[in-house]
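[1] next come a sequence and a model predicted from it.
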Amino acid sequence: MFAPTVIKTPAVITLVVWLWRALAALARTVWRHPVACALVAVSGVGCYLVGWRITVMGWGVAAGAVSSWAALWPAAAVRVLVWPALAWWRLVWVYRWRWRAVMAVSGLGVTLGGRGYAPELVRVRCDRNTDRLTVKMLAGQADQQFAEAQAGLSNGFGAVSCRVFSPRPGWVTLTFPRRDALARVVPARPYPDAPTVTTVDVGIGEDGRPYRLQVHGTHVLIAGATGAGKGSWLWSVIRGLLPARRVGLVRLWGLDPKRMELSFGRALFDRYASTPDECADLLEEAVAVMHERADRYAGVRRSHVPTTQDPFVLVVVDEIAFLTAYQADKGLKARIGAALATLTTQGRAVGIGVMAALQDPRKEVLSIRHLFPDKVALRLDEPGQVDMVLGDGARDRGALADQIPRHPTDKSVGAGVAYVRLENRPDPIRVRAAYVSDDDIRQMVLKYSTAMASEVR
Ligand SMILES: Nc1ncnc2c1ncn2[C@@H]1O[C@H](COP(=O)(O)OP(=O)(O)OP(=O)(O)O)[C@@H](O)[C@H]1O
């Protein structure tokens, strides 16, 4: 029988270990809660040096100064005081309190050798609408496991949903909405003060702040079931580009095979096509512009900067499936398919972008959907369609586009709400596009449909 030797640990070693642990815990507490620790330390030193009465008076004066500052700069005060205080409160009373139990029940905690291990909750940050938790995963864990447990996590912490994003290996960010900033209709965004081309203010994000979509140097695919609000995305982008169009930095080319959407603002387009023949011709013209620019740029520059000579050309296609899938004329279909594939593979470097709307995201409807770097998924009919639009794993990461609500009579419920997956940011973001009403489009036409040269070199 083997019996290991029992060595008695000397008391001094035990004391050193305890002391070391206490110091480490103290350092960790100071690092994580510097403000609270500073308050305690300053109060202690004050009481010791000048007595508690003067210390309390000192705090009264400081509180008065902070209140005046908050009254003068309320936005800064909310950012610096309110959100950190709320984050601390929610860390202590919501998340830390239930952390180990929720981790264990949702299958993210493990027991090894009789000892329980759980991912470490490192930080909670709050804004007006969401709580963002920074979590250090257990060694050997993957963010995929958190994505699979998202329903359990949201139930466990009393949130309606949970989104998972891994900013770097070993770490994961969990986003829990506290209230839905996107529940209300967003009115059309104001025109930009200065002409802007690169990004456009299209609506608001889940954090309640304006959301800017990049349109230059990319291609955007907007997919959604009928009535999901694809029009509001198209028109919000067009609206944001109008000042730049006026000064000649942008040209808008519209392809409107349904003739129901873009025709309403026909005068805002430098080039417009609706019949399949016209659409094929216009796309081939865009390809010709692309080749001409590529010839000029070859060996001279590698990216496009919008100028009045070489403006950014945005080809807006409403219901692209009419051109790619439902087109009976095989010759036209092939021409259109080839032109679209050429534009989406080579156009962005020379300042030609494609923004296309689509109802049915299946591959047989749009075989080139993977050529669009940035994707927007509005309300979709089936869960399987989410990954078709946004890419593999997007739904597991919280892009529940099939669960965006709809109402039998109130069309505005959930309309315009979408999950956006960008090329440079793979975690889906929830955004609501502003609603550009028919009146808004009429005003846009009145304000911006000045006669313009449509020549684009
Ligand atoms: N961003 C929005 N906010 C609120 N309501 C909206 C928004 N976008 C659209 N709606 C409402 O939803 C209705 C349908 O919108 P829209 O026509 O843009 O959908 P769609 O996806 O283009 O549909 P279809 O493919 O059938 O043309 C609009 O008439 C409007 O009432």
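    Yep, that arrived.
[2] how about the strands in the stretch 351-457 of the chain?
    Counting by DSSP state E, counting those that start in this stretch, the stretch 351-457 of the chain has these strands, from start to end: 352-358, 374-377, 417-422, 425-433.
[3] out of the ones you listed, the one nearest the ligand is which?
    Each of the strands of the stretch 351-457 of the chain was scored for nearness to the ligand using Cβ to the nearest ligand atom, and the closest is strand 425-433 (4.7 Å). Just so you know, the C-beta spots here come from the backbone N, C-alpha and C atoms, and that holds for glycine as well.
[4] is the closest one anywhere near the ligand?
    Yes: Strand 425-433 lies within reach of the ligand by Cβ under 6 Å from any ligand atom, at residue 433.
[5] any idea how far whatever residue of the chain ends up closest to the ligand is from residue 292?
    Using Cβ to the nearest ligand atom, the single residue of the chain nearest to the ligand is residue 416, 2.2 Å away. Relative to residue 292, residue 416 is positioned 37 Å away (Cβ to Cβ, to the nearest Å).
[6] next one: residue 364
    For residue 364 relative to residue 292 (Cβ to Cβ), the value is 33 Å.
[7] who's more crowded, the two?
    Set side by side, residue 364 and residue 292 show more neighbours around residue 292, with 14 against 9, by other Cβ atoms under 10 Å.
[8] in a helix, the more buried one, correct?
    Yes: counting by DSSP: H, G, I helix; E, B strand; the rest coil, residue 292 is found in a helix.
[9] now it: how far from residue 219?
    19 Å.
[10] what segments of this protein are helices?
    Remark: helices assigned in the chain by DSSP state H are 11-32, 34-50, 52-72, 74-77, 83-90, 97-105, 143-148, 150-156, 230-246, 276-297, 321-324, 330-346, 383-390, 438-448.
[11] tell me the angle the third one makes with helix 34-50.
    In this structure, helix 52-72 runs at an angle of 140 degrees to helix 34-50, with axes from the mean of the first three to the mean of the last three Cα atoms, to 10 degrees as the basis.
[12] mind listing what residue 172 touches?
    119, 135, 137, 143, 146, 164-166 (Cβ atoms under 8 Å, 6 or more residues apart in numbering).
[13] quick check: the farthest pair among the residues you listed?
    119 and 165 (14.5 Å; Cβ to Cβ).
[14] so for stretch 258-267, first residue to last residue, what's the gap.
    Taking Cα to Cα, to the nearest Å, stretch 258-267 runs 17 Å from one end to the other.
[15] renumber starting at 757 from here on
    Shifting the count to begin at 757 puts that one at stretch 1014-1023.
[16] give the buried residues for it.
    Under the neighbour-count criterion of 16 or more other Cβ atoms under 10 Å, stretch 1014-1023 has 1017-1018, 1020-1021 buried.
[17] do stretch 1057-1069 as well
    1060, 1062, 1066-1069.
[18] contact residues of the protein facing the ligand?
    Counting by Cβ under 6 Å from any ligand atom, the residues of the chain close to the ligand are 941, 980, 982-988, 1115, 1167-1168, 1171-1172, 1189, 1191.
[19] report the lowest-confidence entry in those.
    On pLDDT alone, residue 1167 ranks lowest of those, at 82.
[20] so that residue touches residue 984, yeah?
    No: using Cβ atoms under 8 Å, residue 1167 is not in contact with residue 984; the gap is 10.1 Å.
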